[in-house]
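**Q** Any chance you could fold what I've pasted below:
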Amino acid sequence: LNGRVHILHIGEPPSGDPMERLGVPEKFRAIADFHQVRGDPATEILAAERHFGVDLIVMSARGASSETESDPLKIVGHIAREVIEKSESPVMLLPLSYREALPWRSVLVPISGEAGTDESLGVALQLAQQLDLKVSIAHVASSDGKHGKAELGISSDQPHHEYPHMLNEFVARSCPMASVEERSRIEDFCLCHGDIAHELLALIDRKQVSVLVVGWHGRFVAGHAHVLKTLIQKICCPLLLVKALPRQRFRLKVGEEI
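**A** Okay, the predicted model is just below:
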């Protein structure tokens, strides 16, 4: 992505060359900066986000406070929880069962039909365009009947051949700033029914998903937070959390984009 990597260490300075100690390959050291600070970890991370104009925060879900998994508020460490709730940037969270699988090949984006959370699709399309990834979209109608096709503007008695047009409209509504090239990254739209977390875990396994991109409201105690907690516990791929932010009013398109 041609980005600058800021490595933040909080506490006592490590002995020796920090890049050597962290095992950063020589070829990547030119794009990385190591920063040593003292203070409250979450506060320092959020301060660094603002100071360096960070576009993405990458951190592990595992912390000392995440060991008590019976407590739903301790699925992630308290530092990670504070950062992902208060940061303005998307946060890439490496879950408890993370297994590295590079290069990435595919993205899965769960959508609910809520305008506030479906901005994650726009972020996923931009990422897919930059990294040459395939995008699958999934909507799960929950078994309690509260979240169904109606949220997407789809009713159960509408003919099947109308779905593609309606889904195209939904994509256009969810990510109006996406270019034609970015939208062309979408290869599949899965409509499922049942337990949301269970259905998403099955899709991740079946499609060998490289990264899960989830939109959320920013609080672990609201909305579908229980689904998020289950995913953090059980998935092996990275989880990119995209918080709902005010949308851009327009995007100027010129030349061939028009």
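**Q** Let me see the ranges of the strands in the stretch 1-150 of the chain.
**A** Applying DSSP state E, counting those that start in this stretch to the stretch 1-150 of the chain gives strands spanning 5-10, 32-37, 57-60, 91-94, 106-110, 134-142.
**Q** and those as JSON lines, adding mean pLDDT and mean neighbour count?
**A** In short, each C-beta sits where N, CA and C put it, glycine included. Rendered in JSON lines, the data for the strands of the stretch 1-150 of the chain read as follows (pLDDT from 0 to 100; neighbours: other Cβ atoms under 10 Å):
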{"stretch": "strand 5-10", "mean pLDDT": "94", "mean neighbour count": "16"}
{"stretch": "strand 32-37", "mean pLDDT": "94", "mean neighbour count": "14"}
{"stretch": "strand 57-60", "mean pLDDT": "94", "mean neighbour count": "18"}
{"stretch": "strand 91-94", "mean pLDDT": "94", "mean neighbour count": "20"}
{"stretch": "strand 106-110", "mean pLDDT": "95", "mean neighbour count": "25"}
{"stretch": "strand 134-142", "mean pLDDT": "88", "mean neighbour count": "21"}
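**Q** Pipe these into TSV and attach distance to residue 79 per row.
**A** Below are the strands of the stretch 1-150 of the chain laid out as TSV (distance: least, Cβ to Cβ, whole Å):
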stretch	distance to residue 79
strand 5-10	9
strand 32-37	14
strand 57-60	8
strand 91-94	12
strand 106-110	26
strand 134-142	30
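**Q** which stretch among these comes nearest residue 232?
**A** Relative to residue 232, the nearest member of the strands of the stretch 1-150 of the chain by Cβ to Cβ is strand 91-94, separated by 6.9 Å.
**Q** Any idea which of the strands of the stretch 1-150 of the chain gets closest to residue 193?
**A** strand 134-142 (4.6 Å).
**Q** Quick check: the gap between the nearest residue to residue 45 once chain neighbours are set aside and residue 98.
**A** For residue 45, the nearest residue in space outside its immediate sequence neighbours is residue 83; the separation is 5.2 Å by Cβ to Cβ, 6 or more residues apart in numbering. Here residue 83 is placed at a distance of 17 Å from residue 98 (Cβ to Cβ, to the nearest Å).
**Q** Those two: who's more crowded?
**A** Neighbours were counted for residue 83 and for residue 98 using other Cβ atoms under 10 Å; residue 83 has more, 22 against 16.
**Q** OK, contacts around that one?
**A** For residue 83, the contact set (Cβ atoms under 8 Å, 6 or more residues apart in numbering) comprises 42, 45-46, 57, 59, 91.
**Q** can you put these in CSV and add distance to residue 120?
**A** Formatted as CSV, the contacts of residue 83 follow (distance: Cβ to Cβ, whole Å):
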residue, distance to residue 120
42, 23
45, 22
46, 21
57, 16
59, 18
91, 12
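**Q** Residue 12: which of those residues is nearest?
**A** Distances from residue 12 to the contacts of residue 83, taken as Cβ to Cβ, are shortest for residue 45 (17.1 Å).
**Q** isn't that closest one right next to residue 9, touching?
**A** No: with contact defined as Cβ atoms under 8 Å, residue 45 does not count as touching residue 9 (11.0 Å).
**Q** returning to that earlier point: residue 219 is nearest to which of the strands of the stretch 1-150 of the chain?
**A** Among the strands of the stretch 1-150 of the chain, strand 91-94 comes nearest to residue 219, with 13.7 Å by Cβ to Cβ.
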